[in-house]
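Visitor: Next come a sequence and a model predicted from it.
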Amino acid sequence: MSRFLPADHSKGDERTIGGYAAVHARPAAFEGRDGYSYSVEILADESDDAAGPFGAFFLFVQWKRFGEQAVEGHLESPFLAHGSDAAAAMAALGTMTVEEVQRHLDTLIAEREQAVREQAE
């Protein structure tokens, strides 16, 4: 059951993706260019990139449009920030603005749409 939690602006800057999650105590949600709703999480994994041993990326969960709430799919960004450990990489990515995250989502959707078109040819 959901409940209303008032925003706690002492926990961060809601204009950043990490701050938004801290202030609102939930992941940010977006409407993609495809009309689907997406929520986003910041994740990290080991990286062999020279920029750092850990890379952070976005996992966008695509929600079903109609019927019972369910996951319909997902999109993952490449590593967008790096750090000496997973927490540092995720913190670095958390400073990205909400608007920049929306642009990353829309780019990933466009790339998926292009791949579908190419596969259909």
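Guide: Arrived safely. Residues are numbered from 1 along each chain as shown.
Visitor: What ranges does the protein have for its helices?
Guide: Here the chain has its helices, by DSSP state H, at 17-24, 86-93, 98-120.
Visitor: For Leu5, which of those is the nearest?
Guide: Taking C-beta to C-beta, helix 17-24 is the member of the helices of the chain nearest to Leu5, at 7.4 Å. Where you see a C-beta, it was placed from the backbone N, CA and C, and this is true even at glycine.
Visitor: Now do the closest one: everything it contacts.
Guide: The contact list for helix 17-24, computed with C-beta atoms under 8 Å, 6 or more residues apart in numbering, reads 5, 7-9, 11-14, 27-28, 40, 42, 90-91, 93-98, 101.
Visitor: give me that answer again for 7 Å
Guide: With contact meaning C-beta atoms under 7 Å, 6 or more residues apart in numbering, helix 17-24 is reached by 7-9, 11-14, 27-28, 40, 42, 91, 94-96, 98, 101.
Visitor: likewise stretch 42-55?
Guide: For stretch 42-55, the surrounding residues in contact (C-beta under 7 Å, 6+ apart) are 17-18, 56-59, 79, 82-86, 89-90, 93-94.
Visitor: remind me which residues of the chain are low pLDDT?
Guide: Of all residues in the chain, those with pLDDT under 70 make up the ranges 1-3.
Visitor: can we see that at 90?
Guide: 1-7, 48-52, 65-70, 121 (pLDDT under 90).
Visitor: Dead centre of it: give me the residue that sits there.
Guide: Against the mean C-alpha coordinate of the chain, by C-alpha atoms, centre = their mean, the closest residue is Val40 at 3.3 Å.
Visitor: tell me the contacts of that one?
Guide: Counting by C-beta under 7 Å, 6+ apart, Val40 has contacts Ile17, Pro27, Ala28, Phe30, Phe58, Leu59, Phe60, Val101.
Visitor: tally of neighbours for the last one?
Guide: Think Val101. Val101 is flanked by 23 other residues according to other C-beta atoms under 10 Å.
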